[in-house]
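Chemist: pasting a predicted model and its sequence here:
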Amino acid sequence: MLFKVEMDVNVPLDYDPQRFEELKAVEKAYSQDLQNKGVWRHIWRVAGLYSNVSIFDVESNEKLHEILMGLPLYPFMDVRVTALCRHPSSVREDDS
Ligand SMILES: O=C(O)C[C@H]1C=CC(=O)O1
């Protein structure tokens, strides 16, 4: 099942900078592990914002929920999820 996930990151201005750098490093490793597994299919920075647009390929809504809840930066995020399905005009042979 494919999902578009939009994440906006809002870190309080007074948050400890070193702690934030540590969280970002853990978040990067978490994200890259899922990308290497083909679960986090795409991640794009939204130009000019501390936001991303991502595509996830997971087996269930519950699995997506578990992944998003596990994001180290989740406490600082606003997250929007949109379920996707194949477009009838797509020229791709599969959903890649
Ligand atoms: O930077 C972000 O958009 C937030 C988050 C998502 C993946 C990652 O490494 O950080």
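Modeler: Right, received. Where do you want to start? These numbers come from a predicted model, not from an experiment.
Chemist: residues contacting the nearest residue to residue 60 once chain neighbours are set aside?
Modeler: Using C-beta to C-beta, 6 or more residues apart in numbering and skipping residues adjacent in sequence, the residue nearest residue 60 is residue 1, 6.9 Å away. From N, CA and C alone the C-beta is placed, and that goes for glycine too. Taking C-beta atoms under 8 Å, 6 or more residues apart in numbering, we find residue 1 in contact with 57-61, 64, 83.
Chemist: gap between residue 1 and the ligand?
Modeler: Per C-beta to the nearest ligand atom, to the nearest Å, residue 1 is found 20 Å from the ligand.
Chemist: just the closest of the contacts of residue 1 to residue 93, please.
Modeler: Residue 93 lies nearest to residue 57 out of these, by C-beta to C-beta, at 16.0 Å.
Chemist: what number of residues lie near that closest one?
Modeler: By other C-beta atoms under 10 Å, the residues close to residue 57 number 18.
Chemist: and residue 74, by the same measure?
Modeler: Neighbour count of residue 74, defined by other C-beta under 10 Å: 14.
Chemist: got phi/psi on the residue nearest to the spatial centre of the chain?
Modeler: In the chain, the residue lying closest to the centroid (C-alpha atoms, centre = their mean) is residue 54, at 4.9 Å. Main-chain torsions, residue 54, degrees, to the nearest 10: phi -130, psi 160.
Chemist: run through the residues that contact it.
Modeler: The contact partners of residue 54, taken as C-beta under 8 Å, 6+ apart, are 4-7, 40-44.
Chemist: how about residue 23, secondary structure?
Modeler: helix (DSSP: H, G, I helix; E, B strand; the rest coil).
Chemist: can you tell me who the residue nearest to the centre of the chain pairs with across the strands?
Modeler: Under DSSP bridges, the beta-bridge partners of residue 54 are residue 5, residue 43.
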